[in-house]
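1. predicted model and sequence follow; I will ask about them next.
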4 protein chains.
Amino acid sequence: MTDRKLRGAMVGGGPGSFIGPVHRMAATMDGQAEYVSGVFSSSPEKSRDFGKELYLEAGRAHGTVEELIEHETSLPEERRVDFVTICTPNYAHYDAVCRFLEAGIHVICDKPVTVSLEQAYDLKKRIEKSGLFFSLTHNYTGYPMVKQARHMVRQGEVGTIHKVVVEYPQGWLIGMLKNQQGAINPWRMDPAKAGKASTMGDIGTHAENLVRYVTGLTIESLCADIAAIVPTNPMEDDGNVLLHFKGGARGVLIASQVSTGEENGFNLRVYGDKAGMYWLQEDPNYLVIKDPSGFKKTYSKGNDILCEAARKAGRLPFGHPDGFIEAFANIYLESFRGIRALLEGKPIPGDLDVPGIEDGIMGMQFIETVVASAASDRKWCPWVS
Amino acid sequence: MTDRKLRGAMVGGGPGSFIGPVHRMAATMDGQAEYVSGVFSSSPEKSRDFGKELYLEAGRAHGTVEELIEHETSLPEERRVDFVTICTPNYAHYDAVCRFLEAGIHVICDKPVTVSLEQAYDLKKRIEKSGLFFSLTHNYTGYPMVKQARHMVRQGEVGTIHKVVVEYPQGWLIGMLKNQQGAINPWRMDPAKAGKASTMGDIGTHAENLVRYVTGLTIESLCADIAAIVPTNPMEDDGNVLLHFKGGARGVLIASQVSTGEENGFNLRVYGDKAGMYWLQEDPNYLVIKDPSGFKKTYSKGNDILCEAARKAGRLPFGHPDGFIEAFANIYLESFRGIRALLEGKPIPGDLDVPGIEDGIMGMQFIETVVASAASDRKWCPWVS
Amino acid sequence: MTDRKLRGAMVGGGPGSFIGPVHRMAATMDGQAEYVSGVFSSSPEKSRDFGKELYLEAGRAHGTVEELIEHETSLPEERRVDFVTICTPNYAHYDAVCRFLEAGIHVICDKPVTVSLEQAYDLKKRIEKSGLFFSLTHNYTGYPMVKQARHMVRQGEVGTIHKVVVEYPQGWLIGMLKNQQGAINPWRMDPAKAGKASTMGDIGTHAENLVRYVTGLTIESLCADIAAIVPTNPMEDDGNVLLHFKGGARGVLIASQVSTGEENGFNLRVYGDKAGMYWLQEDPNYLVIKDPSGFKKTYSKGNDILCEAARKAGRLPFGHPDGFIEAFANIYLESFRGIRALLEGKPIPGDLDVPGIEDGIMGMQFIETVVASAASDRKWCPWVS
Amino acid sequence: MTDRKLRGAMVGGGPGSFIGPVHRMAATMDGQAEYVSGVFSSSPEKSRDFGKELYLEAGRAHGTVEELIEHETSLPEERRVDFVTICTPNYAHYDAVCRFLEAGIHVICDKPVTVSLEQAYDLKKRIEKSGLFFSLTHNYTGYPMVKQARHMVRQGEVGTIHKVVVEYPQGWLIGMLKNQQGAINPWRMDPAKAGKASTMGDIGTHAENLVRYVTGLTIESLCADIAAIVPTNPMEDDGNVLLHFKGGARGVLIASQVSTGEENGFNLRVYGDKAGMYWLQEDPNYLVIKDPSGFKKTYSKGNDILCEAARKAGRLPFGHPDGFIEAFANIYLESFRGIRALLEGKPIPGDLDVPGIEDGIMGMQFIETVVASAASDRKWCPWVS
C-alpha cells in the first residue's frame, strides 16, 4: 500500500500566497508525495485555473472544502488523497481540519493551529477519536542544527539551564510602509480571522515552540508588553515578554514585525551552568557552543559527529547550505513516516519527531497568557491552560 | 503539449551517490518535472531495486543506456521521457550524451562535460546538429546573489575590473584520511575516468565558470602550480593558479580538496575601479559591495531592489535562506523553459540563463591549460583552445 | 599654563586591579597626561611598592586619600597634581570625590558614581559649587562608532525610534565557578560596598547610559526581573528589564554576568521608522544600518564619511582596529580638554562630549528604579528621581 | 639603572605622519618609556613646533639626526636618551640606524629595514659589532592570537603543514583616486626612496614575516606577478605570488593596495594534516581552528587557556578588544625588555619575542626575489640570499 508516492490535497496556498509554494516544495522535493487536488480559492474558477498551473488533473481543483471531500471520497481508493495540507488563514483551520478528519483524511496543518484555545482542545479530542495523523508545521524545528541543539541539551552539554533568550525580529511591516506597498495582508490584523493575537500568534508561537523543543522547558508565568507600533494596526505588531519557566529558569522572548531592517532573524540563546548555546535561523547550518573558558565551538550541519536526528535531517554535506525549504520538508518527511505507518495498519512510530496537536495547544495557551498579561496592565500572569 | 509536467530519465545517481539525490530534488521541487525512468546501476537488479525506492513504474529502471533508450522509444509519445539527466562519473558523459541526442532526447549533463577537449568539441557539433536542448549543471550560477553580482558588474557598479580572486577550498580529502573512512571515490583519482585533472576538473572548472559568469572576463594565460598533497593520490588534489585575463585584468584562482577543515568555501572577490564585490557560497544569500570610502553594502536575497534575474531566482523572502538545492533547481527551471519552448516548436528563448556546451568547452580548455602549464614546469601558458 | 602634560593622581587601581591599568593606559597613551602620585592600597607599604612599579617619584604613593591630598597641596604649584582618577570599589567613590573637590583638584571617577542616589545628588551640588571638572568613565560612549550612531540618530537617519533592545551579556561569573577560580571579587556582591545592585550597577548602568547617549531617549517606567542565579551570590547577577521610554518608544534591557560563555557582548539595536541600527562592543569599529528594503550598510571606523566626532575619536585608518583602551582614552581626552580650559581660566567648552555627574545621577536612578520594581514583586515602576 | 622609564628619541613621525603617532602611543602606553627628543622635520622650525605639541623640553627637537645625536651625547647620562625610534621613509632608515649605533643608542626601526639587501647585510654587521639592541616593527606579530597561532603550530595542533594562503588586501589607493584626494604619498612610489618594491615592500614583507613567524616555514622559490594597476604609479601596487616552501609546502601570497574597498584585511590560513587555522587582522582577537570533522573552534584573546605568550600579550579580559596599537605596543614592551637587560649589563634574554635584523634581511630577500621573478617574465625564481 505504501510502495508509491502519497497523494495530497491542499487547502489554501493559492494565487499570491507565500506559504503555499513552500508547502508544495517541502512536501514533494523528496519524492515521497505529490499533490493531486486542492481548494486554492473560494472562487471555483480561480481555483481551477490555479490547479492547471500546478498540472493537476482536470476536476480536482475545487472552490470549497466540502466539494473537494465529496469528490475525493467518490474516487476509487487508489486515486483518492491520503492527506491534506491546510494552509489557509488561521480562522479557517478549525473547520477544515474537522471536515477532513470526518472524511478520514490525514491532516498537516499550518500554525497557529486555531483561533482559540477552546478550538484547539476540541481538535485534540477529534484527532484522538479519529485515529488519524495530525501534524503542525512549526517548521523551524526541522532544521538539522536545531535537532543537534536539542540533543546536546539532553546530553547535558550545556548543564542545568538558568536563562533563555529567544528573539524573533522581523521588520517587513515597516518596510511595507516605507515602500508604500500597501497594508499588511488584512486578515493578519483582523481579530476575527487571526485570533487573539497577530504577531505573537504568527511568530511568537514559533519562538515558544523552539524554546520548548530545544530545552524542554515550559513557561510557568510571564509578563508581556505588546503594542501596535504602526498606529493603523488594530492588533499588536510587537511584543516583549519576560518569562519564568517551571523549575526556576528565566528568560526573555521578543517577537516583532516592526524591527526595522530585520529580515527573519529568529535566534535562540540558551545558558546553562556548563555552556552557552546559540542558533540563528538566518545562518541555520551552524550551532555555536560557548565555553566559559574563552572559546566557542561551531558545529556544522552535514557531518558524522552530529547526533542521528541532525544527520538524518541534513540533505547535503557540510558547506552545502540546506535552507528554509529543506527544514520545512523535514516536517513533511516525518509526517509521511507517520502516515505511511497508519496506512500500513501500524501505530505511529514512537520516535516520530514532528510537532502535533499538543504543540498547537501550547501555542494557543501562550497566546492566551500573553493576551491576559497585556490586558491586566502588563502584570505577570500564570500560564493559562 | 506542455500543459503537463516534463518526464525525465536519469543516468547515474544510484545507491550511495551524493549528486544523484541533488539532481532529483532540484529537478522536481518546483513541480515542473518528474523522473519516470533511469539507469541507476550497471547491475540491472540494483537498478531495478533503486527504481522501486524512487517509486518508478515497474520496467523503467534499466542496466544500460541502450536498454533505456530502446524501451523509451518504444513507448507511446505521451509516456516517453522528454529529457535525461546524466550524472555519472565524468568518463561516461560523452557516450551517454551522444546516445540520447541520437534518440532525440533533451540532455541535462553534470560537469565537467567530458574527459577531453576533443570530446567537448565533438559534442558541440552533435548538439547543434540535433536541434535538441543541452545544459550543463554549473549549479553555482543558479544562486540569486550570483545573478545579482553579474547584473551589478554589467551595470558598471564595480567599474572596470582589474583584479579577481576566486577560491574554492575544500578539506574533505584530509578529513577522510583523519577519520580513516577509506580512500576517495576511486574514479575521481583515475585519469581514465576523471579526465586530465581531478580537483581542477571537479571544482576548478566551477571557479572558472563563476568568474566568467559574473565578470564576463576570459582568461588569456595562466601559471598553474598543482600537486598531489596526499601522497597516494595519483592525480592532483590542490592547485594555485595565477591568471591574466583578456583586456589586462589579473587574478588568482585557488582550488583545493586538502584545505583542511574548509567545507565548501567557494568564494569570489572582484575589484574594479569603483567598488569591490564579495560572494561566499557558504553564506549564499548575501552579496557585499565594498565602497572604497569606508562602507560595505550587503544586499540580501529576496527583496524588490534586486535585479529581475535575482528576484526570479529567489524562492523565499529575505531572511528565509535559499540553499544549495534551490540554486541547483534554478538551473533546471531554466533548462525546462528551454525544453518546453522546443517541445512547443519555438526556438530556445534568447534570454535563457543556463550553462551550456560553450561553458563545457571553456571548462575543458581551462583543464587543458592548467595541465599544460603544470607539465611545462609551471610556466605561464596561453589559453589552450 | 597648559603647555605641558597634565599631572594626575590615582586612587585605587593597585595590585591585581583590572580597571587600574586601563585608566593608566587610557589617560597617558595620547601624551597629554602622566600620573605622578596615588593611593594604590590602604597599606602604605604596598602602595609605596606599587608606586615604584609605576616609576613614581619617591614619596608620592600614599596609604590614604588624606595623606595624598596633604602632600600634594604642600607642593609648589608646578609639581602639584591637576586631577585625580578615582577607581576604587563603588562605596569609596563618594568620600574620595568630596575630599578632592575640597582640595581643588579636578576629578575623573569610575562608575557607578556612588552607592546611593542621595550621594549622587549631593555630589552634584558639591561639583557645581566647586567650579571644578568632574567626569564619569562610562567608557563605551568613547567608541567612534557609538558617536557615529548618535550622530545618525540626530540626523534622522533611523527616523522616529519606536523600539530599542540593549543587551550586556557576560558569563565570567559562571566561568569562575567552572574553573573553580574562587569567588567573585567580594565587594561586588556586598551591598555595603557595591550599592543597591551588583550586576545592574556594574554593567546595567552602562546599558542605560549607552541607550540614552545614542538615542536621547529617557526611561519613563520599567519592569525588572532580577535574580541571583548563582545561589551563593547575596546580590543579583542577572537582570531582564522591560522599558517604556518617554514619548512612547519601548524597549528591552538585558544585563547578565551569568550568560555562560558570553564575553563582553554589549550590543545595541535601535529601530526607527526609517531604519534599524546595530552596534556590538566586541566588534566595535563597525556600525550597521539596516534598511527595510533588504540591504545593510556597514560603516567602518576611520574614514572621511563619518561625522566629525567619530572621525576625531578614531586614532587609526579603517581596517586598523581601535580597541577598548582607545575608546576609554577618548573619555580622558575630552576630560583633559575640559580641565585645560578651566586651568586657562576659560569655561568648560559647550561641546564637551563626556559623561558627567548628570549621567551618574541617571545611573543611580536607574538602579533605584530597577530595585524598586524587583522589590514590588516585579511590577512596572515609574522612574525614580 | 632601570628603576625608571626609558628615554626615547624619535626620527620621523612628524606633522601629518600616520605611523609616528602609532609609535608614540605604542611606546608609551604601558608607562615604560617616554619620548624626550626627536627629529620630526628637516625644517628645524617645524621640528621645534612639533616638539612643543609633544610637550618636549625646549631644545630637544632638531632638524637633523646629527644635531640630535650631538646634543644628546652632550647631556649628562641621567638625561640622555636610551633608544631611538626610526620611522622615516624607507630610504632614510639605513643612514639613521648607522649613526645611532655609532652614538651607542639602541634602535627600534620601522620596516622594511632598508632599501637594499646590501644595506641590510651591512646593518647586521654593524648591529652585532655595536652590542646594541635593534628591533624592527613587524607589528602584526605583536597580536596575542598570532602568538597563540605560532604556539599551536609548534605544539603540532595543525600537524604537518602542506599549504599556506596569506593575503594582505588594501584598497586605499583606489579610494584616493575615487575621492580625488590626490596621489599616494610620493616617496612610496619613488624607487629611490621606497626601495626596489612599493606595495610588496610596504605590506608584502609583513605577509612574509607573519607566515614565517607563525609556521616557521621559509620560502624556497616563488613566482611573482606584480603590476601597477593605477597607470600613473611608477612602481607596483599589486602582487600575486605562488610560493614553494623548504620542505615541500606550497602557498599563495597576495598583497595589494588596489583591492577596492578592502581596508586592512591581512589574513592567514594554514593547512596541516590535522587541522586548518585562520586569523584575520581586522578581527584580531580571535583564532579559528578548523577541524576536518566538521567543527570550528574559535579561541578568544584574554583567557587562561591560551599559551603564556598570548596571555602576556593581551592587556584585557576576553570580550574587551585589544587593537592595533596594543599589538604594536607589544613589540615595544619586548624591545624594552631587551634594552633594559643591556642597560643592566646583562645579555638580551634568550626568549625575547621581537623581530630583529634577521627579519629585516629576510624581508629584503623577499623583495629581491619577487622583483627578480617579475623581471624574468614572471618565472619561478629561487630565494635570493
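-> Received it, and whenever you're ready, just let me know what you need.

2. for the closest residue to chain D within the stretch 151-300 of chain A, what are its contacts?
-> Using Cβ to the nearest Cβ, the closest approach of the stretch 151-300 of chain A to chain D is made by A:Gly294 at 2.8 Å. From N, CA and C alone the C-beta is placed, and that goes for glycine too. Residues near A:Gly294 by Cβ atoms under 8 Å, 6 or more residues apart in numbering or on different chains: C:175, C:263, D:299-300, D:302-306, D:318.

3. excluding sequence neighbours, find me the nearest residue to it.
-> Counting by Cβ to Cβ, 6 or more residues apart in numbering or on different chains, A:Gly294 lies nearest to D:Asn303, which is 2.8 Å off, once chain neighbours are set aside.

4. look up how far chain B lies from the one you found.
-> 22 Å (Cβ to the nearest Cβ, to the nearest Å).

5. which residues touch A:Arg311?
-> A:144, A:303-304.

6. just say helix, strand or coil for the residue nearest to A:Asp202 when sequence neighbours are not counted.
-> Excluding the flanking residues, the one nearest A:Asp202 by Cβ to Cβ, 6+ apart is A:Arg188, at 6.7 Å. Assigned by DSSP: H, G, I helix; E, B strand; the rest coil, the conformation of A:Arg188 is helix.

7. next: A:Glu282.
-> Assignment for A:Glu282 (three-state DSSP): coil.

8. chain B contacts on the stretch 51-200 of chain A?
-> A:52, A:54-55, A:170, A:172, A:179 (Cβ under 8 Å from any Cβ of the partner chain).

9. sec struct for A:Ile254, please.
-> strand.

10. what stretches of chain A score poorly on pLDDT?
-> A:1-2, A:178-184 (pLDDT under 70).

11. pretty sure A:Pro89 contacts A:Gly195?
-> No - A:Pro89 lies out of contact with A:Gly195 (Cβ atoms under 8 Å); the separation is 9.8 Å.

12. the more surrounded of those two?
-> Shown here are A:Pro89 and A:Gly195; by other Cβ atoms under 10 Å in any protein chain shown, A:Gly195 has more neighbours (28 against 17).

13. contacting residues around the more buried one?
-> Counted by Cβ under 8 Å, 6+ apart, A:Gly195 has contacts A:90-91, A:112, A:114-116, A:201, A:367.

14. so for it, what's the nearest residue that isn't a sequence neighbour?
-> Here the residue nearest A:Gly195, using Cβ to Cβ, 6+ apart, is A:Val115, at 3.6 Å.

15. separation between that neighbour and A:Asn90?
-> 5 Å (Cβ to Cβ, to the nearest Å).

16. could you do A:Glu236 as well?
-> In terms of Cβ to Cβ, A:Glu236 sits 15 Å off from A:Asn90.

17. tell me which of the two has more neighbours.
-> Taking other Cβ under 10 Å, A:Glu236 and A:Asn90 do not tie; A:Glu236 has more neighbours (27 against 20).

18. give me the three-state assignment for the closest residue to that one other than its chain neighbours.
-> Leaving aside its sequence neighbours, A:Glu236 sits nearest to A:Ile226 (Cβ to Cβ, 6+ apart; 4.0 Å). The local conformation at A:Ile226, judged by three-state DSSP, is strand.

19. what parts of the stretch 201-350 of chain A come near chain B?
-> A:262-265, A:281-284, A:300, A:302, A:304, A:315-326.

20. sitting in strands, which of the residues you listed do you find?
-> A:Ser300 (DSSP state E).

21. buried ones among the residues of the stretch 201-350 of chain A next to chain B?
-> Taking 16 or more other Cβ atoms under 10 Å in any protein chain shown as the criterion, what is buried in these is A:262-265, A:281-284, A:300, A:302, A:315-326.

22. can you narrow these down to the ones near chain C?
-> With Cβ under 8 Å from any Cβ as the criterion, those include A:262-263 near chain C.

23. looking at the buried ones among the residues of the stretch 201-350 of chain A next to chain B, which are in helices?
-> Among these, the ones falling in helices (DSSP state H) are A:324-326.

24. format those residues as TSV; extra columns: distance to chain D.
-> Shown next, in TSV, are these (distance: Cβ to the nearest Cβ, whole Å):
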residue	distance to chain D
A:Phe324	22
A:Ile325	22
A:Glu326	18
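
25. got CSV for these, with distance to C:Leu333 too?
-> Converted to CSV, these look like this (distance: Cβ to Cβ, whole Å):
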residue, distance to C:Leu333
A:Phe324, 48
A:Ile325, 53
A:Glu326, 53
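
26. what about the helix or strand containing A:Ala341, distance to the chain center?
-> Using DSSP states H and E, A:Ala341 sits in helix A:324-343. Chain-centre distance of helix A:324-343: 13 Å, with Cα atoms, centre = their mean, to the nearest Å.

27. so how far is chain B from the residue nearest to A:Gly195?
-> 24 Å.

28. would you quantify the distance from that residue to D:Glu344?
-> 83 Å.

29. what residues does the stretch 51-200 of chain A put near chain C?
-> Checking the stretch 51-200 of chain A against chain C by Cβ under 8 Å from any Cβ, the hits are A:158-159, A:162-163, A:165, A:167, A:171-172, A:174-175, A:177-179.

30. make TSV from these and add neighbour count, distance to C:Met152 and secondary structure to it.
-> Compiled in TSV, those are given as follows (neighbours: other Cβ atoms under 10 Å in any protein chain shown; distance: Cβ to Cβ, whole Å; DSSP: H, G, I helix; E, B strand; the rest coil):
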residue	neighbour count	distance to C:Met152	secondary structure
A:Val158	25	38	coil
A:Gly159	15	41	coil
A:His162	26	37	strand
A:Lys163	25	32	strand
A:Val165	24	27	strand
A:Glu167	23	23	strand
A:Gly171	28	17	coil
A:Trp172	24	22	helix
A:Ile174	28	17	helix
A:Gly175	24	19	helix
A:Leu177	18	20	helix
A:Lys178	18	17	helix
A:Asn179	15	21	helix
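
31. right, I'll leave it there.
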